[in-house]
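K.L.:
give me coordinates for this.
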Amino acid sequence: MSTFGIVRDVVAGQLGRNPGDFQSDTDLTEAGFESLDVIETLFAIEEKFGIAINYNANEDLAGSSMTVGDLVRMVDAELEKKRQAG
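P.N.:
You can find the predicted model right below:
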């Protein structure tokens, strides 16, 4: 399964919704996420992929919202760092 598919499943599970409800450009706030949901979702994603995402909710969400695609890019960046580290 692709990074997007896994992230989408985690996001959907967090809200108890169908994964098909979420696309790359789905805004998490508009989908019903609150800040705690984002943090819990990040923890679940980190566990699923065996990575650590450097994320500060106060800074990273200031004045903007996050999409499923943003989460996928964060995961892909951390997976690339992990791959390069060997």
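K.L.:
now do the contacts for Tyr55.
P.N.:
42, 74 (C-beta atoms under 8 Å, 6 or more residues apart in numbering). C-beta coordinates here come from the backbone N, C-alpha and C atoms, glycine included.
K.L.:
tell me how far it lies from Arg83.
P.N.:
Counting by C-beta to C-beta, to the nearest Å, the gap from Tyr55 to Arg83 is 20 Å.
K.L.:
ok, Gly16 next?
P.N.:
Taking C-beta to C-beta, one finds Gly16 at 33 Å from Arg83.
K.L.:
where do the helices sit along this structure?
P.N.:
Assignment of helices within the chain using DSSP state H yields the ranges 3-15, 35-49, 57-60, 68-85.
K.L.:
which one of those lies closest to Ser24?
P.N.:
Closest to Ser24 of the helices of the chain, according to C-beta to C-beta: helix 68-85, at 3.8 Å.
K.L.:
rewinding a little: which of the helices of the chain has the highest mean neighbour count?
P.N.:
helix 3-15 (a mean of 18; mean count of other C-beta atoms under 10 Å).
K.L.:
could you dump that helix to CSV, C-alpha only?
P.N.:
Extracted C-alpha coordinates of helix 3-15, given in CSV (Å, rounded to 0.1, in the frame of the first residue of the first chain):
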residue,chain,number,x,y,z
THR,A,3,2.1,6.1,1.8
PHE,A,4,-1.1,8.0,0.9
GLY,A,5,-3.2,4.8,1.4
ILE,A,6,-1.8,4.1,4.8
VAL,A,7,-2.0,7.8,5.9
ARG,A,8,-5.6,8.0,4.6
ASP,A,9,-6.6,4.9,6.5
VAL,A,10,-5.2,6.3,9.7
VAL,A,11,-6.9,9.6,9.2
ALA,A,12,-10.2,8.0,8.4
GLY,A,13,-9.9,5.7,11.4
GLN,A,14,-9.3,8.6,13.7
LEU,A,15,-12.6,10.1,12.7
